[in-house]
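Participant: could you work out the structure for the sequence below:
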Amino acid sequence: MGLLSSLIVLAILYAFVSIRVIKQYERGVVFFLGKFEGVRGPGLTLIFVPFQTMTRVSLRTVTMQIPSQKIITKDNVSIDIAAVAYYHITDPEKAVIAIENVYNAINQISQTTVRNVVGRFSLDQLLSDTASINEQIKNVIDTHTEPWGAQVTAVEIKDITLPDNMQRAMAREAEAERERRAKIVAAEGEYQAAVKLGEAADIITAHPVALQLRTLQTMAEISIEKNSTIIFPAQFMTTVQEALATVKQDTAK
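Facilitator: Numbers count the residues shown, from 1 in each chain. Now for the predicted structure:
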């Protein structure tokens, strides 16, 4: 009885030690005597040690910082670029068997890919078309990580550091561009004003009385300010005579 009790206790202890709990976001890659046996899903499972071993693999998205590195662009500008990549495991079997350390491998290939892809673009293209460059970097990295059972979902360039002299040159360029636009707007305003003045002069030439009406309106505006002196222009009397002559002709007709 004593031996049987001991065996029962040992069996219970062995079963208790063999129990494994796999979380919802994990998968367990099981090996039997060193040979791949299968992938266990979430929940309660038994691993009969030492014959079986299990490696846990997380399926959650991993945020990986790509450290800042110096890159020379296509137009020979030296810049510092830092990026961030997001990936997750799609095939736990490959992630354990095909590669020793998925995180380090993706980190190294990401640094190399960022340097190679960014070096094919000029600085202006890098600053204006960042989204397209991010997509190209992601596609290249994803091609390398597919045999490892990992998928890169996004790569974002988050920081671009320019040399001080390049920052000053870009500031001068931006200031010159703003001045150019301001001069163009002012010139367009002058042109439109000149066109309107020409149209107004044509109307006044066709209708001399209009100039008289405009003069009277100006005099009315001056009188609002309570001025004691009103100056009549020299052509005022001539315009009045022309107006009276026109009225007489219309009356005679």
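Participant: endpoint to endpoint, stretch 27-43 covers what distance?
Facilitator: 10 Å (CA to CA, to the nearest Å).
Participant: and that stretch, which residues are buried?
Facilitator: By neighbour count on 16 or more other CB atoms under 10 Å, the buried set for stretch 27-43 is 27, 28, 29, 30, 31, 40. In this view, the C-beta of every residue, glycine as well, is placed from N, C-alpha and C.
Participant: tell me the secondary structure of the third one, please.
Facilitator: The local conformation at residue 29, judged by DSSP: H, G, I helix; E, B strand; the rest coil, is strand.
Participant: circling back: of all the buried residues of stretch 27-43, which comes closest to residue 165?
Facilitator: Among these, residue 27 lies closest to residue 165 (CB to CB), at 52.4 Å.
Participant: the closest one against residue 45, yeah?
Facilitator: No - Residue 27 sits out of contact with residue 45 when judged by CB atoms under 8 Å, with a separation of 10.8 Å.
Participant: sorry, back to before: farthest-separated two in the buried residues of stretch 27-43?
Facilitator: Largest separation among the buried residues of stretch 27-43 by CB to CB: 27 and 31, giving 13.7 Å.
Participant: circling back: between the buried residues of stretch 27-43, which is nearest residue 55?
Facilitator: Looking across those and measuring by CB to CB, the closest to residue 55 is residue 29, at 4.7 Å.
Participant: contacts only, for that closest one.
Facilitator: 36, 39, 40, 54, 55, 56, 57, 92, 93, 96, 97 (CB atoms under 8 Å, 6 or more residues apart in numbering).
Participant: which parts of the stretch 1-150 of the chain are strands?
Facilitator: 19-22, 26-32, 35-40, 43-46, 52-58, 62-72, 78-89, 150-161 (DSSP state E, counting those that start in this stretch).
Participant: partners of the fifth one, with directions?
Facilitator: To tie it back to what came earlier, the one meant is strand 52-58. Paired neighbours of strand 52-58 in the sheet (DSSP bridges): strand 26-32 (antiparallel).
Participant: can you state the direction angle for the partner strand and strand 35-40?
Facilitator: Interaxial angle, strand 26-32 versus strand 35-40 (axes from the mean of the first three to the mean of the last three CA atoms, to 10 degrees): 150 degrees.
Participant: check the offset of strand 26-32 from the chain's centre.
Facilitator: Taking CA atoms, centre = their mean, to the nearest Å, one finds strand 26-32 lying 41 Å from the centre of the chain it belongs to.
Participant: quick one, that strand and strand 78-89 angle?
Facilitator: Here strand 26-32 runs at an angle of 70 degrees relative to strand 78-89 (the same axes, to 10 degrees).
Participant: tell me the mean pLDDT for strand 26-32?
Facilitator: Averaging pLDDT along strand 26-32 yields 93.
Participant: cool, stretch 190-199 as well?
Facilitator: For stretch 190-199, mean pLDDT is 86.
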